[in-house]
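> test case, fold it:
(one chain, ligands or ions: 1)
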Amino acid sequence: MGTVTGKEYVDRINGLKNQIWIDGERVQGDLSDHPAFRGILSTKAALYDFVQSNPNQLMDASQKYNFSFEIPRTHEQLIKRREAIRFWASQSAGLLGRSPDYVNSAIMAMASYAPFFGEYSDNMKQIYEEAREQDYSFTHTFINPQISRKFYWPDGDDETVIAAKVVKETPEGLVIRGARMLATQGGLTDQLLVLPAGSFTDSSYLFGFSIPSNTPGLSFVCRPSYAENASTFDQPLASRFDEGDAMVVFDDVLVPWKRVFLYGDSEITSNLKTDTGLEAFLLYQSANRQLVKTEWILGIAQLMVESLSVAEYQHIQEKVSEVAMAKEIMNGLILASEEAAIKNEYGVLVPNGLQLKMAFHYYQKTYPRLAEILTLLGASGLICIPTEKDFESPNEAVLSHTLQGERLAAKDKIKLNRMAWDLTMSSFGSRQTLYERLFFGDPVRTPVSIYSMYPKESAKEKVLSFLSIDLE
Ligand SMILES: Cc1cc2nc3c(=O)[nH]c(=O)nc-3n(C[C@H](O)[C@H](O)[C@H](O)COP(=O)(O)OP(=O)(O)OC[C@H]3O[C@@H](n4cnc5c(N)ncnc54)[C@H](O)[C@@H]3O)c2cc1C
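This is a model prediction of the structure:
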C-alpha cells in the first residue's frame, strides 16, 4: 500500500471506533465530526496529502513509503531526513508534537536494531514493516500515573493495580491491567506504542508492544479540548493544531505475543533508548521541529514589531535577536549531531545523542522565554483582541478605527495578535509551553544525564597541566 492520502487516514481512524472519552461522555459517531477532534484530524489529513504532492521530499528513495520509515545509512540520507522533517513541520508551524514522523522515528530506530530484542526481534521487524506498509500513525506512552514519585513505591496487587502491568500470561499473549499517564493524540492514531515506563523493576511492569487503538479493553480518557470554538480567526492555532492528550486505560487488554517486542528484561529496558538509537532519532525529529517552530515565532515577533512601529528601540531588537539566536543555536546543535553521527553495527547512521540531548535541554529552558518575548512585545495588544463576532457587530466601525496599526488594518492586526496570544496565553498556548518543557523528560533530570555523558577529562587535564597540580 505505502503512503496514505488524507482521506484514507481519516476514514481509517473513523472506522476504528476507538473507545475515547471526553468531558464525561464516550465519543459516538465519526471522530472527524467531533468538535474536539475535527481540527486536528483535518490538519493531519492535509499533512498526509502534502506527502502525496511532494514525493521527492517526503517519501523514501523508493517513493513508496513515508520518509520517516527510511533507515539512514549515509550522511545524504540523514540530511534528506532533516530536510523532510523541517519541510513537513513547516506545514503546522512546528506545533504538532505528534506529527507522524515523531513516533515513526522510534519504530524505525528499534526495527533497525532488531536483534537487540532477542526472541522478540522478528516481532519488532514485523511491527515496523506493517507500519511502513500501512503508513500507520502512532501515539506512545512511557510514564506511569503520578501516585508517588518516591524511588520505589508499592503499586497495588493485581486487583488494585494502578500503573499498567501484566496480570496474566496466556498462550495468546499478555493481559495488561492498569493505566498510563499520558499519550498525546491518544485515540486519534491507528496504533498505540507502549514503551517501558521506569519506576518498577518487577518484570510484570517491563514491557514494550504496539497494538491497534481499538483493541478491546483499551480506552482513552481525554483532557478537555482547547479548541473551544472552531473559529480560525479567534483561535488560529488551537482550532487547527490542538492534538489532545489522553490517559490510557487498559482493562484487561490482551496483547497478542506477535505484537510484543520486550517483556520482563531489565537489561533491555535500561539500554533500549540509547542502544537502539531510539532516543537520538526521536530527539533529531523534535529538534528539527522546534527549529521550525522558532522560525515561526521569529516571524510573529518581527511582524508584531513592525505592526507597532517599535523596531528602532534597542531592547526590542535584543528581544527579536534572542529568538533568532535560539533558532541558530538549535540549528548548530542539529548540524553538530549530524557531523558526529556514528554508524552502528548494523550500518545505521545514528545522529549524536549527546548534542541532541543538549538541544532538548536548551530548548526546554529557552522556549518559555520565547513565549515571554511575544507577550512582552504585544503587551496590551494581546488582551484587546476582539473576536470574529465583534467585527460583525455594531462595534465594527469603532474597532476598525481604534485598533488599526500604522501598517496594518485593524482586523489584520488582531489576526496577528490573536496568533501570538494563542501561542502563548490561551489554554492551547500554555499547554505548548508545558509540552516543550516536559515532553521528553523533566528539566531536572536531563542535565544529570548530560553531565554523565559529556567527556570532561581533556578539559580537566588542561587546567591541571597549566597549574602543574595533580588530583589525589
Ligand atoms: C503536554 C504534554 C504532553 C505529553 N505527551 C506525552 C506522550 O505523548 N507520551 C508520553 O509517554 N508522555 C507524554 N508526556 C509526559 C512527559 O514525558 C512527562 O511529563 C515527563 O517525562 C515528566 O514526567 P512527569 O510528568 O511524570 O513528572 P514527574 O516525574 O511526576 O515530576 C513531577 C515533579 O517532581 C520532580 N521529580 C520527580 N521525580 C524526581 C526525581 N527522581 N528526582 C528529582 N526530581 C523529581 C520533577 O522534577 C517535577 O518537578 C507529556 C507531557 C506533557 C506536559
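> please enumerate the helices of the stretch 101-250 of the chain.
According to DSSP state H, counting those that start in this stretch, the stretch 101-250 of the chain carries its helices in the segments 101-112, 121-134, 238-241.
> typo on my end, the stretch 301-450 of the chain
With DSSP H, counting those that start in this stretch applied, the stretch 301-450 of the chain shows helices at 314-339, 353-378, 388-391, 396-402, 410-424, 427-438, 445-453, listed in chain order.
> make JSON lines out of those helices and add distance to Gly94.
Glycine gets a C-beta too; all of them are placed from N, C-alpha and C. Supplementary listing: the helices of the stretch 301-450 of the chain in JSON lines, determined by distance: least, C-beta to C-beta, whole Å:
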{"stretch": "helix 314-339", "distance to Gly94": "11"}
{"stretch": "helix 353-378", "distance to Gly94": "11"}
{"stretch": "helix 388-391", "distance to Gly94": "25"}
{"stretch": "helix 396-402", "distance to Gly94": "31"}
{"stretch": "helix 410-424", "distance to Gly94": "11"}
{"stretch": "helix 427-438", "distance to Gly94": "10"}
{"stretch": "helix 445-453", "distance to Gly94": "20"}
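> what's the closest of the ones you listed to Phe151?
Taking C-beta to C-beta, helix 445-453 is the member of those nearest to Phe151, at 12.7 Å.
> in that closest one, what counts as buried?
For helix 445-453, burial by neighbour count (16 or more other C-beta atoms under 10 Å) applies to 446, 449.
> what angle sits between that helix and helix 353-378?
140 degrees (axes from the mean of the first three to the mean of the last three C-alpha atoms, to 10 degrees).
> chain center to helix 445-453, what's the gap?
21 Å (C-alpha atoms, centre = their mean, to the nearest Å).
> helices or strands next to it in the packing?
Judged by 3 or more C-beta pairs under 8 Å, 6 or more residues apart in numbering; DSSP states H and E, the packing partners of helix 445-453 are helix 353-378.
> what's the closest of the helices of the stretch 101-250 of the chain to Leu438?
If you check each of the helices of the stretch 101-250 of the chain against Leu438 by C-beta to C-beta, helix 101-112 wins as the nearest, at 15.0 Å.
> I'd like the C-alpha coordinates of the closest one written as PDB, please.
Output for helix 101-112, consisting of C-alpha atoms alone and laid out as PDB, is shown next (Å, rounded to 0.1, in the frame of the first residue of the first chain):
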ATOM      1  CA  ASP A 101       7.300  11.200  11.800                       C
ATOM      2  CA  TYR A 102       7.900  11.500  15.600                       C
ATOM      3  CA  VAL A 103       6.900   8.100  16.700                       C
ATOM      4  CA  ASN A 104       7.600   6.600  13.300                       C
ATOM      5  CA  SER A 105      11.300   7.500  14.000                       C
ATOM      6  CA  ALA A 106      11.200   5.400  17.200                       C
ATOM      7  CA  ILE A 107       9.700   2.400  15.300                       C
ATOM      8  CA  MET A 108      12.300   2.800  12.600                       C
ATOM      9  CA  ALA A 109      15.200   3.000  15.100                       C
ATOM     10  CA  MET A 110      14.100   0.000  17.100                       C
ATOM     11  CA  ALA A 111      13.500  -2.100  13.900                       C
ATOM     12  CA  SER A 112      16.900  -1.100  12.500                       C
END
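> briefly note if it comes near the ligand.
No. Helix 101-112 does not reach the ligand (C-beta under 6 Å from any ligand atom); its nearest approach is 8.6 Å.
> contacts for that helix?
When contacts are taken as C-beta atoms under 8 Å, 6 or more residues apart in numbering, the neighbours of helix 101-112 outside the stretch itself are 66-71, 84-85, 88, 116-117, 124-125, 127-129, 131, 137-140, 193, 195, 210, 261, 272, 276-278, 280-282, 284-286, 289, 346, 348, 350.
> how far off centre is it?
13 Å.
> could you do stretch 318-337 as well?
Here the centre of stretch 318-337 is set off from its chain's centre by 20 Å, with C-alpha atoms, centre = their mean.
> kindly report the same for stretch 332-352.
Centroid separation for stretch 332-352 versus its chain: 21 Å, with C-alpha atoms, centre = their mean.
> try stretch 96-116
Average the C-alpha atoms of stretch 96-116, do the same for its chain, and the two points are 12 Å apart (C-alpha atoms, centre = their mean).
> one more: stretch 372-379?
Remark: stretch 372-379 is offset 25 Å from the chain centroid, using C-alpha atoms, centre = their mean.
> what residues of it count as buried?
If you call a residue buried by 16+ other C-beta under 10 Å, then stretch 372-379 has these buried ones: 373-375, 377-378.
> quick check, pLDDT for the closest residue to Leu58 other than its chain neighbours.
Residue nearest to Leu58 in three dimensions, not counting chain neighbours: Val51, with 4.3 Å by C-beta to C-beta, 6 or more residues apart in numbering. Listed pLDDT for Val51 reads 98.
> so which strand or helix has Val51?
Counting by DSSP states H and E, the element that carries Val51 is helix 38-53.
> contacting residues around that helix?
Everything outside helix 38-53 that qualifies as a contact, by C-beta under 8 Å, 6+ apart, is 3-10, 13, 31-32, 58-59, 66, 88, 91-92, 96, 99-100, 135, 137, 185, 188, 227, 230, 238-244.
> let's see that with 6 Å instead.
Outside of helix 38-53, the residues that reach it under the criterion C-beta atoms under 6 Å, 6 or more residues apart in numbering are 3-6, 9-10, 32, 58, 91, 227, 239-240, 243.
> same check on stretch 122-139?
Identification of contacts with stretch 122-139 by C-beta under 6 Å, 6+ apart yields 1, 3-4, 65-66, 69, 100, 103, 107, 110-111, 114, 117, 183, 185-186, 189-193, 210, 258, 261.
> of these, just the buried ones, ChimeraX syntax please.
Under the burial definition 16+ other C-beta under 10 Å, those of the contacts of stretch 122-139 that qualify are selected in ChimeraX by:
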select :3,4,65,66,69,100,103,107,110,111,114,117,183,185,186,189,190,191,192,193,210,261
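> count the neighbours of Ala397 for me.
Burial of Ala397 is recorded as 8 neighbouring residues (other C-beta atoms under 10 Å).
> now for Ser92: which residues touch it?
Contacts for Ser92 (C-beta under 6 Å, 6+ apart) come out as Phe241.
> check the secondary structure at the residue nearest the centre of the chain for me.
In the chain, the C-alpha nearest the mean C-alpha coordinate belongs to Gly97, at 2.5 Å (C-alpha atoms, centre = their mean). Assigned state for Gly97: coil (three-state reduction, DSSP: H, G, I helix; E, B strand; the rest coil).
> my read is that it contacts Gln185, right?
No. With contact defined as C-beta atoms under 6 Å, Gly97 does not reach Gln185; the gap is 8.2 Å.
> having no further points to raise, I will conclude here.
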